[in-house]
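A.B. asks: Give me coordinates for this.
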Amino acid sequence: MIHLLAALAIDHVINGAIAEHKLPGGVLWMEHNGRAVHRAYGKRALVPKEEAMTEDTIFDAASLTKVTATTPSIWILIERGMIKLDDPASKYIPEFHGGWRDEVTIRHLLTHTSGLRPDLDLNEAWSGYDEGIRRASIEMPQNRPGYVFRYSDINFELLGEIVRRVSGTPLDEFARREVFEPLGMRDTGFRPLVTPSVSEGPGRQGGAPHARPDPSLTLRVTNRIAPTEMTDGVILRGVVHDPTSRRMGGVAGHAGMFTTARDLAKYARCLLNGGAPILKRATVKLLTSVQSPPNVAVRRTGGFDYDSGYSRPRGDLFPIGGYGHTGFTGGMMWIDPPSRTFYVFLSNRVHPDGKGDVLLLQRTLGTEVAKWAGVSGGSQVASRRVQWITRGASAMNGIDVLHTDHYRALAGLRIGLITNHTGIDRAGNPTIDLLRSAPNVTVVSLFAPEHGIRGAVDENVSDTTDAISGLPIYSLYGEHRKPTAEQLSNIDALVFDIQDIGTRFYTYISTMAMAMEAAAEAHKKFIVLDRADPIGGDAFEGPIAEGDASFIAIHPIVVRHGMTAGELAKMFNDERHINGDLEVVQLRGWKRAMWQDDAGLPWINTSPNMRSLNAAGLYPGIGLVESAISVGRGTATPFEIAGAPYIDGEQLAHEMNALNLAGIRFEPVRFTPDASIFKGESCGGVRFVITDRKPMKPVAIGFALATTLRRLYGEKFDADKMSRLLKNSAVLDAIKSGKPANYEADERAFGERRAKYLLYSQ
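C.D. replies: Numbering: from 1, shown residues only. Presented below is the predicted three-dimensional model:
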C-alpha cells in the first residue's frame, strides 16, 4: 500500500508539472532492491502535431552524456593503465599548455575544478570538431586549478578528446563498443539521424572521424525521437540541441548522446551492482566516490554530481552519499547505493520554445522517489551547508560579479578578507577560495566576525590559522572588535563579504562599520562585495535606536533596515564621518522587492540559530523578545516558535490570530528547548506560520506578541529585558502599558536618510 500511494504521489508530481506547461511529457524508470516501476507521461511532441509519449521514446540526453559516455570511457582507460587520474591533461593534449593550463589534471576535468569557464564562446562564427578542440585547448583557467568548483562543458570536451587520442577511437565509437553494447543499450548513441552520406559532409567538418551509423537503426528510431527546441525556424529532432556540440558535428564529450530511460536504467543498474561487465568494482567505487580535491568545498565524484547546486535530483530525503546528474534538455538521474535505489527521468522540457523548467521537479521527484523506496532522510540531510534554490531570478551577488569582471576591482592588491561561511558564490564556492585562486590577487589575511570563519562558534572567537588555506585568521569578535594597525600594515585593502539578514542587531554590519573605521585610519581601501538583503530591500520598519552606539546597535537605524551591506556602508561612511576610500562591487539582477529565493540565490545558515529564510524574515520582530521568553533556541526551528513555561499556547494563538496581522498565522505548540532560556523546561507557545511575506511586518508582529504577553501574564513577561535590543524607551513604555507602539516619525526620518544611499531600483 505504501509503494502504491508513493507511486500515485509521483504520478501527481509529474502530471502537475506537465499541466503547468513545465514540460510536454517524460518517461520515468525507478528501481528499489531490483523492483522496477516505469511509465510514460504526457506528450512526446506538441508541434507540428501532437504525439503521445511512449516508454521507448529516445531523448537528447544533453549533459547526461558526460556521465554515461565520457565518464565511463575515461575510467575504462584509467583501469587499463592508459591514463592516470592525476596526470596533467597536457600529457595527452600537448597544445593545452602554458600558465595554469599546465596544472590541470584529469581529476580536475572530471570534478569541474579546473578553473575553466563554463563553455566556449559562441558569439564568433566557427564550426568543426577540430576547431572546437582547438578553442578548448587555448582556454586559460579563470581560477587556479584545484581551488574552486565551476561546472564547465569545456572540461568534458577535453576529456572526450583525450578518449579519442589515447584509444585511437572517437568517443562515440569507443563508448558504443565499451559501454553501450556490453550493457545492451540498443537505443543509445550519438547522431541518430545522420545518414552515411551526411557523415561524409558537415558532420565531419574539421576532420575528426566518426563511425557511420547503421541505416537500419536510423529507420527504426526516427519516429521515436523526442523533438526539442525550434532553432532557426526548424524543430530539432535527432539533431543535438546543445549548440557547441552541434557545431562540433554532434559528437563531443559534454553533449550529443541520445538515449532512452530503459537504456539509462541499464547503466545505473550496472553502477549500483558493481560495474560488470564494463568496469571493475574497485573502479566503480572510485568513480562514484568524492574525487574533487579535499580543499574544494563543493564535492563531486569522478564524473557525477555528489553535493552541489546540481544535486537537486537527490531531493530532500536521500542522504548525502549518492550521486547523479542532470541534462539541460530535461533529463535527470540519481543513484542511492545505501538504499539500493535509483531513478531516471527523461524529458524534452525545451520543446517547443525552450521555456520549460524542471528545476523544481528535479527536487520534488527525488523526494517522492525516496518515499517510494522507504527512505526517510537522516542527519546527513539536515547537516547540508547550502540550501539550493529551484526558482527565482538569476541575480548575482558581488562575488559573482567580481568573478565575471575578472577580479578587476582587486587587481594587483594585497588584501585582508573579512568573511565567514556565508561568503560564497552562486555555486557554493567560498570567497576565500575564489580570491586566493584569482589571477593577480594576493590574499594576505582573513578576519572573522561573530561565530567565526566557519559560522559554528557561539562564543568569543580567537585568532587562529585557517586549516585549509593556511592564512592567519584575526578575530573581530574577541579581544578586538576592529582590525589593529599592525594587522593592516601589510595589505592594500580590506574586502568585506558576509551575508547580513537585514536586522539592526545582527552584528555582521557592526563588524563592517568598525572595520571601515580601521581601514580609513590606516589609509587602506575598503571594498564591499555586496549581497542581497535576504528579506527584501523594499520595506523598512521599526523605531530608531536611541543612546550610545553598541555592537548590537552600531548606528541609529530602524530595526528592519531594508538595505544591503553596500548601501549601509555608504551610509556609515557618510553619517559616521568615516570618509574612507570605499568601493562597492554591486549586485546584478536584484530588485528591492526580491527575497533571497526570489533572486535565485542559495541560502546558507548565517549563524548557528539562523537556519531558514523564514526565520530570517521573522527575526526583526521575534528576535526582540528573545531575552524575555524562549524563541526556539535549542530547538530545530529557532525564531519560528516562541513560548515559556507559563504560557497557554491555545490562548496565545487565539489572541494573536484575533489581531488579524497581515501575512502571518499563529498555531499553538509545546516544545522543550535544550539550550538558552528555559533550557529543559516544557514551554507552551505559538508557531509563526508565514502566509504572505510581502505584507508581513515582522517588527509589528514582535511588538504585538510582547504587548499580548504583557496583557495576559503581567510581569511574568519581563518586557524590560527587551530594552537591550530595542533601544527605544517610548516603544518599551507603550508595550508595558498595553498601548500601541507608534514609531511612524522614526520611519519617516529614516526613509529620508536612507534614500540617498540606495544603489538598486524597485
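
A.B. asks: host element of the residue lying closest to Val625 once chain neighbours are set aside?
C.D. replies: Of all residues beyond its chain neighbours, the one nearest Val625 is Ala706 (5.4 Å), with distances taken as Cβ to Cβ, 6 or more residues apart in numbering. Yep, even glycine has a C-beta here, placed from its N, CA and C like the rest. Under the criterion DSSP states H and E, the helix or strand holding Ala706 is helix 698-713.

A.B. asks: Do a quick rundown of the helices in the stretch 351-500 of the chain.
C.D. replies: For the stretch 351-500 of the chain, the helices defined by DSSP state H, counting those that start in this stretch cover 359-372, 379-382, 398-404, 431-436, 485-488.

A.B. asks: Out of those, which gets nearest to Thr390?
C.D. replies: helix 359-372 (4.3 Å; Cβ to Cβ).

A.B. asks: Does anything pack onto the closest one? Which helices or strands?
C.D. replies: Contact analysis of helix 359-372 by 3 or more Cβ pairs under 8 Å, 6 or more residues apart in numbering; DSSP states H and E lists helix 2-19, strand 25-32, strand 332-336, strand 341-347 as its packing neighbours.

A.B. asks: just the ones you listed: most buried one?
C.D. replies: strand 341-347 (a mean of 29; mean count of other Cβ atoms under 10 Å).

A.B. asks: can you dump the C-alpha coordinates of that one into CSV?
C.D. replies: Presented in CSV, the C-alpha positions along strand 341-347 are these (Å, rounded to 0.1, in the frame of the first residue of the first chain):
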residue,chain,number,x,y,z
THR,A,341,17.6,2.7,-5.3
PHE,A,342,18.0,4.6,-8.5
TYR,A,343,15.7,6.6,-10.8
VAL,A,344,15.9,8.0,-14.3
PHE,A,345,13.6,10.6,-15.7
LEU,A,346,13.9,11.9,-19.2
SER,A,347,12.0,14.7,-20.8
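
A.B. asks: In the helix or strand that the helix holding Ala706 is followed by, which of the residues would be classed as buried?
C.D. replies: If you walk from helix 698-713 toward the C-terminus, the next helix or strand you reach (DSSP H and E) is helix 723-726. Neighbour-count burial for helix 723-726, with 16 or more other Cβ atoms under 10 Å as criterion, is recorded at 725-726.

A.B. asks: ok, residues contacting helix 723-726?
C.D. replies: Contacts of helix 723-726 from elsewhere in the structure, counted by Cβ atoms under 8 Å, 6 or more residues apart in numbering, are 505, 543, 552-553, 559, 623-624, 626-627, 729, 732.

A.B. asks: 6 Å instead, please
C.D. replies: Taking Cβ atoms under 6 Å, 6 or more residues apart in numbering as the criterion, the residues outside helix 723-726 that touch it are 505, 624, 732.

A.B. asks: ok, the second one - how many residues close by?
C.D. replies: Around Leu624 there are 29 other residues, counting by other Cβ atoms under 10 Å.

A.B. asks: Tell me who's in contact with it.
C.D. replies: Contacts of Leu624 were listed using Cβ under 6 Å, 6+ apart, and they are 702, 722, 725-726.

A.B. asks: and if you look at the first one?
C.D. replies: Contacts here follow Cβ under 6 Å, 6+ apart; on that basis Phe505 touches 552, 725.

A.B. asks: can we see that at 8 Å?
C.D. replies: Applying Cβ under 8 Å, 6+ apart, we find Phe505 in contact with 552-553, 559, 623, 725.

A.B. asks: can you check Glu55 too?
C.D. replies: By Cβ under 8 Å, 6+ apart, Glu55 lies in contact with 27, 38-40, 260-262.

A.B. asks: Those in helices, which ones?
C.D. replies: Per DSSP state H, helices hold the following members of the contacts of Glu55: 261-262.

A.B. asks: Format the contacts of Glu55 as JSON lines; extra columns: pLDDT.
C.D. replies: Putting the contacts of Glu55 into JSON lines (pLDDT from 0 to 100) gives the following:
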{"residue": "Val27", "pLDDT": "98"}
{"residue": "His38", "pLDDT": "97"}
{"residue": "Arg39", "pLDDT": "97"}
{"residue": "Ala40", "pLDDT": "98"}
{"residue": "Thr260", "pLDDT": "98"}
{"residue": "Ala261", "pLDDT": "98"}
{"residue": "Arg262", "pLDDT": "98"}
